[in-house]
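> generate coordinates for the sequence data below:
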Amino acid sequence: MPRSNGTRVRSALTALGAAATLAAGVLAPASATAATPRSHGERYVALGDSFTSAPSVPRQTDTACGRSDANYPSLVREELGFGRFTDVSCAGAATEHLWQRQPVTGNAPQLAALGPDTALVTLGIGGNDVGFMDVLARCVHPTGEVPRDAPCQRAYTREGGGDELQRRIDDTAPKIAAALDAVHRRAPHARVAVVGYPTLIGDDVEGCRRSLRIADGDLPYLRGTVRNLNAMLRRQAVAHGDLYVNTHGTTFGHDACRPFADRWVEGLTTYPRIRPAAPFHPNEDGERAMAEAVVDALVDGP
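Predicted structure coming up:
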């Protein structure tokens, strides 16, 4: 039988309460920790890029970073009852902006938000290191006929050159490893969850042609690229003893190729008056699904 919402929340709070007890330097019996979860007085910090910040999703609280108070960190904070919460996620952020100021937005280095009092950290980053914007510029056909072949895949897998996007994923792996090392140094008592990317491209070819305007032959290639990126994030999380949050599974069947009413991730064209969201990003339903995946991972994870 599925756990009730209240049971799920209490379980997550109990696990996080143990981290909070350590942060306070108090050795308490397990029964006391379980009876009085301490995460209400501890802090949750969210780090990440636009898939975390949720640009255009109402209500926007930081327009420079495209940050919404209905993004998945805000919903996780609400469900788990954190009294202290810092969300420094920002559109356009790459792993370098964990350490460096983000020039376009002026966002401070995201790691600066962490401290010994941090009980939970979620990290959703890596797509901009791989070059999501470059991929969209090459692979989307906003006007004219959408090709049936695979021009994007050819561009990234030239003969003898291997797979450029896979190379970028491989090059991003040590950056994620360094990021997780830095998170643990700055927040040594925190539980850390690496949040993967949701399902963007489904298997409805005609739906993808209409919504994403990506060539038919490129769909499997790009679908596989996102899958490989998520697999790399999962490997790094596991190697560091952290949780991996599978938002791909949570959003499966609600990708941008589905009928409009069923989409939790938007396509090229969005409808701000009906359902505000950025192109190729989760809408409010998608952020809610991602929040559910985070809480489930905290409840069920080690």
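> can you pull out the low-pLDDT segments for this structure?
The chain contains residues with pLDDT under 70 at 1-41, 159-160.
> at 50 what do you get?
Residue ranges of the chain with pLDDT under 50: 1-7, 9-15, 17-39.
> center of this structure - which residue?
Closest residue to the average C-alpha location of the chain: residue 124 at 3.7 Å, with Cα atoms, centre = their mean.
> what's near enough to touch that residue?
Applying Cβ atoms under 8 Å, 6 or more residues apart in numbering to residue 124 gives the contacts 46-49, 51-52, 89, 194-197. Heads up, the C-betas are built off the backbone N, CA and C, glycines and all.
> let's go with 7 Å and repeat that
48-49, 51-52, 195 (Cβ atoms under 7 Å, 6 or more residues apart in numbering).
> residue 57 too?
Residue 57 makes contact with 68, 70-71, 276-277, 283-284, 287, according to Cβ under 7 Å, 6+ apart.
> now with 6 Å?
68, 70, 277, 284 (Cβ atoms under 6 Å, 6 or more residues apart in numbering).
> most widely separated two among those?
Maximum pairwise distance in these, criterion Cβ to Cβ, is 10.6 Å, between 70 and 277.
> more crowded one of the two?
More crowded of residue 70 and residue 277, by other Cβ atoms under 10 Å: residue 277, with 25 against 18.
> the more buried one in helix, strand or coil?
Of the three states, residue 277 takes coil according to DSSP: H, G, I helix; E, B strand; the rest coil.
> residue ranges of the helices in this protein, please?
Ranges of helices in the chain, per DSSP state H, are 5-23, 30-35, 50-53, 72-80, 127-130, 132-139, 151-156, 164-186, 205-211, 218-239, 247-251, 284-300.
> dump these into CSV; add mean neighbour count and distance to residue 111 as well.
As requested, these are exported to CSV (neighbours: other Cβ atoms under 10 Å; distance: least, Cβ to Cβ, whole Å):
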stretch, mean neighbour count, distance to residue 111
helix 5-23, 19, 17
helix 30-35, 13, 28
helix 50-53, 29, 15
helix 72-80, 23, 16
helix 127-130, 21, 16
helix 132-139, 16, 22
helix 151-156, 18, 31
helix 164-186, 17, 6
helix 205-211, 19, 36
helix 218-239, 19, 16
helix 247-251, 21, 23
helix 284-300, 22, 20
